[in-house]
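S.K.: kindly generate the corresponding structure for this input.
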Amino acid sequence: MKRPIERIRDDRSAEIIQRIQRGSSHTNMPARSQEMRPRQNKCHVLSRRFILFAALLIFLYIIRPSFVSADYNAPAENAVVMEVELDDGSQIVAPTSEDIASDFSAPLEATEAEAAPAISEEDLVYGHAIELLSKISRNPEIIRRGRHVISNSAHSPLDSPPVSTSASKAAAPNTPNRRGTSNDGDIFNLIARGLIQLIHSTRSYLGNEPFSPRTVAAPKGSNELESRKNKNFPKWDGLPVVEHGDSHEVIREKAVMMLEILGYERRYQEALFTLGEMQLVGKFRQPRNVTSAVQHFSKLAHDYGHPAAQKMMGFFHATGVGAEKNYGKALLYTSFAAVGHDHAAEMTLGYWNLVGVAMPKNCEDAAWYYRRAADRAIAKFRSGPPGGLTVPPSSINLPDIMAGGVYGSGASGSGQPRDQSHFSGPMTTEEVLELHKVDADKGDLHAMLRVGASYYTGLQDVPRDYNQAFRYFYRACAASDSVRIPPAPPTVNGVPQQRDPLAVAAERLAKQVGKSCGLLGKMYFRGEGVQADNATARIYFEKGLKLESDVAMNGLGIMYLDGSAGLTKDVQRAAELFQQAAIMNNGDAQVNMGELLLSLPRPDVNQATQYFKLAARDHILAWYHMGNILTQGLGDTKENCLAGVQYYKYVAERGCWSDPIMQEAYKSYLLEDIEGAFIRYLLAAERGYELGQLNSAWLIDTGISAFDPMESQFFANGSDPYESALSLWNRAANQGSVDARVKVGDYYYYGLGTGNNEKASTIDSSDKESRLHHELAPGGWKHWIPEQIRDMLPKHLLPVARGKPDPERAAMYYLVAAQTDFSAMAMWNLGWMHENGVGVEKDFHLAKRLYDQSLTTNSDAYLPVYLSLTKLAFKRTLAYITG
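M.R.: Numbers count the residues shown, from 1 in each chain. Model prediction:
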C-alpha cells in the first residue's frame, strides 16, 4: 500500500500527463507567460491574505473589551484623567481611585463583592505625589566608575530593593517567557494586545485617535476635563495643582508640598516617612537636609510610635548625625523599634549586646535579638522557589575594589599568607570572561560551563544574567547524548590501575556536560529566566544524573522527597541522592541531608551537625542550623554562645531581601553620590556590618570626591568626623579587619578623633618626645608649607582639630596587628618607632628585626624596607662612633 504522499504525487503526475495529451493551453503558453503566471498567483494569494489580516484586525478591535483587561489601556468611564506635560515633552498622569483599585482588584469575572476596598483620598494624593517625583527623577544615564558600569534610571535600585524571581513574575504577569507565552499562559491575549497597540498607533499616526487614553493630555480649556477633575480629585485647602508648563523644580516643590500636607495635616504616616527618606538619603534625587529629616522622623516616632522612624531616631542619637550624640536615647528609641519587630533595630540591639555598645556585653541577649532577625530572614528564604530564594550577593569592600586596599595595592591586608585580593591582576574578571566566551563560541564545552556558571551566579564585574546562563548551559547540555563516563579502571590485587589520560579527559568532559544539564534543570525547577516547569526540569536532571551531576542528584532528591514532577514520593531514594551529592561537596544536598536527619522520629543531631558544618562554607540554612546547635548545645556539641551568635549574624546580614542597605550604598557610590553612599554605609555600620564600618570609615578618612567630611552637613553640629571614624575603625578591627586595626594605631599616633581636641601646632616644645613625634610624623611638615602651596592642597590634607597623640597606645595596636594578623605595615611601623624611640624604647636591633620581618612577610615592601635599613645602618654606625 502506498503512503498518502506517494498517492498525491502519482495523482498529480497523471493530471499533468492528461493536460499534455489534451494540448492544454497552460503547456502551449509562451515561456514568458509561464514564468509570470506563478508570480500573478502569488500576488493574488498575498492580496487575499492581507485582506483577511485587515479584517481580523478590525474584528479584534471591535471585540477588544471582552478580552483586554481593564487596567491595560482604556480607563473606566468615570475615571479622572489628570495629565501634566513636562519640559521634555513627556507626560505624567495622576492615578485615580479607580486606577489604583484596578491594580489590586480580582479578575474580570469576579463579582463586585470580591473587589478590593475603595482607596482613600489620602492614598490617591500620595500616589500622585510619588508618581510626580518618580517621573521627574527619571534621567537615564550610564555612569562608569573605574571598571564598573551602572545605569541610573527612574526607579533606581536605590529607591526599591531587588525583586526575586518569583516576585518579579507576579509583578509583571504579561512578560513573555522563553516559550513565547505570557506568564498566565494566554498566548491569544498577548497577540491580541499587540495587535490593538498596532491599531492605536496607526490611528494616532493618521490623527484619528490618541495612542494611549491614559497618557495623553486633553486640549487646554476642556470643560469636560476640568469638571471631571473637580468631581473626583480631592479639593483640600492649600493642595497644590500641577499645571501645564511647570518646570521640574516647580513640580518637585508641589509634590513635596503634597507630602507635607498629607503628613502634617492629614496624619498620613507613609508620607512623613517618605519625606524623611528623601531628606536623608536623597530619594527621588531630593537635595539632602538632615535637619528636616530628623524633624519628619521625630514626629513619626513620637506621635505615632512608628517602628522604622524610632529606629532612625536611634541611629541619629547613636552617630551624632543631625542630633545630639546620646547612646541613652539611642538605646531607648532602638528598643521601642525592636518591640515593633523592626528587622534593622533587632540587628542593631544584637550587635550592641554582642560588643558592649551602650550596655554591658551580654551574649544571651545578643543571641535572642539576632535569632529573631535570623528567623525572619529564613522565613523569607523559604518563601521562594524550591531550594529557597537566591541569596543577595556579598557586600563590596570599597577600599579593596577602588584602591587595592586601605593602604593601597601591595601594602594592605595580611601578609602571611599573602592576600592576593589586594593585588591587581593583569586582567579584570570581565575580560577573562570574554576570553572564555570566545572559546565557548568555538564549541569548547568546558568554556560553555564556565561562562554559563559565571552568568548564573554573577561575578564582581559581571551581573547575574539568567538568559545568557541558559544559552550556554543549553548548548553544553546538547552534547549529553554524545558523551559518557568511561568505565572504572581494572584492579590488580585490590589496587586500581592508573587510568588512561584520554579516559580521564573524557570523564572530566562528561561531568562538565552533566553539570550543565543539572544547572539547566535547576533553572526550570526554580523558574530562573524561564517559566517553571517540573516536567522539563526532571528531564534535564535525569540527563545530568547519567553523567554524575551533583546538581541533578540534589534536584531529583527534592522531587522524590516531595513526590513532584510525576515521581512517587520516596524518602529512601531521596536520601540516597542527597548523600551521593553531599559526598561530591554539594552544599544544597548537605543541608537537605542534615534537615532530613533532623526530621526523623528520632533525630540524629550529631550526624546532621556534620553535614551542616560541611555546608557552612556559604549556605544560609547551614549557618542558621549551626546557630541553633551552638547556642542551645544540641547533641554532643558543646554550647558556644559567641560562635552561635556569629552564625545568626551571618544569616541576618546576608538575608537582606527586604532591606539591601549594603547593595544600595554601593550603587550610590557608583553613581558618584558619595554622601548618599556614606550615610547608607553608616546605617549598616550601626547594624553590625563589618564592611559597613570599614567603608564608612574609609570614606571619612580619604575625603574623596565631592564628600568632604569637614564640610558635610552630617557633622554640622560640631561633632568631629574623625572621632566617628576612629570608632568605626575600632569596631571593624574587633570583627577581624587587619587594616582597620592598623588604622586605629595610626589615629592614636596622630591624635585623630581621640578627644581633648587640640591643634597639632600647640604641642609642648619642652616635651622632647612629643616634639620629635610631631616633627617626624607625616602631619608635622604641613606647618611649614607656604601659604600659596597650602591653599592648593585638598582640605582633608590640611591640619585638623586633633586630640593629644598617644604613641604608646598606637604601638599596642601595631603589635597586635603584627603578631596576630601578620600585617607587614604594622611591622614596619613598629620598626620605625623602635628606631626613633617614639612610644616605645629605642632599640636598633629590634627595629632591624621588625624591618626584616616586614620584608619576609610581604616582598612588595622591599623598597621602603631597604631604605629604612640603610638609614638604620647609618644611625647605628654614627651611634657607635659617637659612643
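S.K.: any weak-confidence spans in the stretch 201-350 of the chain?
M.R.: By pLDDT under 70, the weakly predicted segments of the stretch 201-350 of the chain are 201-232.
S.K.: low-confidence ranges, the stretch 601-750 of the chain, go.
M.R.: For the stretch 601-750 of the chain (pLDDT under 70), the answer is 704-712, 716-718.
S.K.: average pLDDT for stretch 829-845?
M.R.: Taken as a whole, stretch 829-845 has an average pLDDT of 92.
S.K.: which residues touch that stretch?
M.R.: If you take CB atoms under 8 Å, 6 or more residues apart in numbering as the criterion, stretch 829-845 is touched by 742, 745, 749, 769, 772-773, 776, 807-808, 810-811, 814-815, 818, 846-851, 854, 868, 871-872, 875-876, 879. (Glycine included, C-beta is placed from N, CA and C.)
S.K.: if you set the cut-off to 7 Å instead, what comes out?
M.R.: Contact with stretch 829-845 is made by 745, 769, 772-773, 776, 807-808, 810-811, 814-815, 818, 846-847, 850-851, 854, 868, 872, 875-876, as judged by CB atoms under 7 Å, 6 or more residues apart in numbering.
S.K.: endpoints of it, how far apart?
M.R.: 15 Å (CA to CA, to the nearest Å).
S.K.: got it, and stretch 296-311?
M.R.: Stretch 296-311 end-to-end distance (CA to CA) = 13 Å.
S.K.: so which of the contacts of stretch 829-845 are in strands?
M.R.: Under the assignment DSSP state E, these contribute nothing to strands.
S.K.: narrow those residues to those that are buried.
M.R.: Those of those that meet the buried threshold are 745, 773, 807, 810-811, 814-815, 818, 846-847, 850-851, 854, 868, 872, by 16 or more other CB atoms under 10 Å.
S.K.: how many other residues sit next to residue 832?
M.R.: Around residue 832 there are 19 other residues, counting by other CB atoms under 10 Å.
S.K.: got a list of what the closest residue to residue 296 other than its chain neighbours touches?
M.R.: Excluding the flanking residues, the one nearest residue 296 by CB to CB, 6 or more residues apart in numbering is residue 276, at 3.9 Å. By CB under 7 Å, 6+ apart, residue 276 lies in contact with 293, 296, 297, 312.
S.K.: and the nearest residue to residue 284 once chain neighbours are set aside, what is it in contact with?
M.R.: Closest residue to residue 284 apart from its sequence neighbours, by CB to CB, 6+ apart: residue 133 at 4.1 Å. Counting by CB under 7 Å, 6+ apart, residue 133 touches 252, 255, 284.
S.K.: nearest to residue 822 among those?
M.R.: The nearest member of the contacts of residue 133 to residue 822, counting by CB to CB, is residue 284 at 47.2 Å.
S.K.: please report how far the closest one lies from residue 395.
M.R.: 25 Å (CB to CB, to the nearest Å).
S.K.: what about residue 324, how many residues nearby?
M.R.: The burial count for residue 324: 10, using other CB under 10 Å.
S.K.: count of neighbours near the residue nearest to it when sequence neighbours are not counted?
M.R.: In space, and not counting its chain neighbours, residue 324 is closest to residue 317: 6.6 Å by CB to CB, 6+ apart. Look at residue 317: counted by other CB under 10 Å, it has 23 neighbours.
S.K.: tell me the secondary structure for residue 317?
M.R.: helix (DSSP: H, G, I helix; E, B strand; the rest coil).
S.K.: pretty sure it is touching residue 329, no?
M.R.: Yes - using CB atoms under 7 Å, residue 317 is in contact with residue 329, at 4.3 Å.
S.K.: residue 464 belongs to a helix?
M.R.: No - going by three-state DSSP, the assignment for residue 464 is coil, not a helix.
S.K.: re the thing from before, between the contacts of residue 133, which sits nearest residue 626?
M.R.: Nearest to residue 626 among the contacts of residue 133, with distances taken as CB to CB, is residue 284, at 41.6 Å.
S.K.: isn't that closest one right up against residue 278?
M.R.: Yes - look at residue 284 against residue 278 with CB under 7 Å: they come within range, at 5.8 Å.
S.K.: relative to residue 300, how far out is residue 734?
M.R.: 33 Å.
S.K.: neighbour count: those two, which is higher?
M.R.: Per other CB under 10 Å, whichever of residue 734 and residue 300 has more neighbours is residue 300, with 25 against 15.
S.K.: that one against residue 309, yeah?
M.R.: Yes - proximity of residue 300 to residue 309 meets the contact threshold set by CB under 7 Å, at 3.5 Å.
S.K.: what mean pLDDT does stretch 528-540 have?
M.R.: Rounded mean pLDDT across stretch 528-540 is 95.
S.K.: also stretch 503-510?
M.R.: Stretch 503-510 comes out at a mean pLDDT of 89.
S.K.: tell me the buried residues in that stretch?
M.R.: 506, 507, 509, 510.
S.K.: what's the farthest-apart pair in those?
M.R.: Maximum distance among these (CB to CB): 7.3 Å, for 507 and 509.
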